[in-house]
Structures are given as C-alpha cells and as structure tokens.
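Visitor: Output the structure for:
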Amino acid sequence: MAKKDKADKDRSEKKKGKKKEPPASGVLSSAVIQAARAMRTRLSHGLAESGLYPGQDGVVQLLAQEDGQTPGALAHQLGVKAPTMTRTIGRMEAQGFVMRRTDDRDGRLTKVYLTDEGRGSVARIAEATSACETHAIQGLSGKELKTLVKLLTIIEGNLSGQTVVRSADQADDDDD
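Guide: Alright, predicted model coming up:
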C-alpha cells in the first residue's frame, strides 16, 4: 500500500472513532525523560559560565518576578521540598546571588532577596535559555514547535491532574 493511501486510511479510521494503538510501554516516558535531561544538561553548561548551578536559575527568575519571597514559597513554586530550597538558598547566598533578611512586618519570617549580582544574572539566564532552546529546536518548523508545546502542555496537565480541556476546533485541527 502506498504511503499516501495508508495515511488516508489512518485518517478515515480516526474519524470513524477507531483509536490508534498507544506506543510500546515506556517509549513515551523514555523519550520525554531523555529530552528533558539533554535539555537540562545543555542549559546547565550555559549557566555554569555565570557561576550558577542547576536549579538556581529558577530561584533567580522567581525572585526577579517578585523579590522578597520566603524559602517555603520558593520551594512550592519550584516543586521541591523545603530542605532542598534551604540548601540551595544557602549556597546561593555564599555565592553572592541572594541574601536573607527578616521581614519588616513579621520578624518571624525570613525572606530571600536578589543581590546586585543576582539581578545581573537574570540576563545571563535568559541568554543561556535562549541558546539552549535554539539548539533544541533545530530542524523543527514553527508549526511543529507549536504542536510540540501544545502536546507537552496536555501531557503535563494530565499528569498533574489538571486535564486540559480541548475545544472541538482543536480536536478537528488534530485530524488534519
């Protein structure tokens, strides 16, 4: 059967309600994990030139959006445990990227703030991220990139219990 005939048959079966077979067990997980690791490794090399270690970029970016957050709030937003965040903040403080101060209104709270060095690293993080993403998407068309991001968003939503509701138009677009 010619490739075009097979593609037409696949589309018509899809429209009739027949489901495609899922990939072999573990194929999706393996591909996503390997891509994420490769991307994180590439980004880590770019960040190392700035003196940042993996995971510290997220702290800097959150503080750049809203300076003066508690370690617990940072941990929650980054999806890590409080002791991990405490160690990260301690290391970043020793490196000169952040400083801890007690809250002016509630002396029981300690908040984390960017230093001048930390604020200076925001642009370097953006440059490293951009370079990493540019390298990662080589060979993908704009449409393919948009589709990839959409699919990963759906997968993340499914796994986090926040199922993404798709409109009928989106489902029709997927059939093309």
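
Visitor: all contacts plus neighbour counts: C-alpha atoms, from now on.
Guide: OK.

Visitor: A strand includes residue 99, no?
Guide: Yes - when DSSP: H, G, I helix; E, B strand; the rest coil is applied, residue 99 is found to be in a strand.

Visitor: Can you give me the domain boundaries for the chain?
Guide: Each domain of the chain is listed here as a residue range: 39-136, 140-176, per automatic domain parsing.

Visitor: quick one, strands of this protein?
Guide: When assigned using DSSP state E, the strands of the chain occupy the ranges 98-102, 110-114.

Visitor: Looking at the first one now, give me its mean pLDDT.
Guide: This means strand 98-102. Confidence for strand 98-102, expressed as mean pLDDT, is 96.

Visitor: Residue 118: neighbouring residues, count only.
Guide: Number of residues near residue 118 (other CA atoms under 10 Å) recorded here: 24.

Visitor: Mind pulling up the pLDDT for the spatially most central residue of the chain?
Guide: Nearest to the geometric centre of the chain sits residue 36, at 8.7 Å (CA atoms, centre = their mean). The predicted local distance difference test score for residue 36 is 92.

Visitor: likewise the one 5 residues further on?
Guide: If you check residue 41, the pLDDT there is 93.
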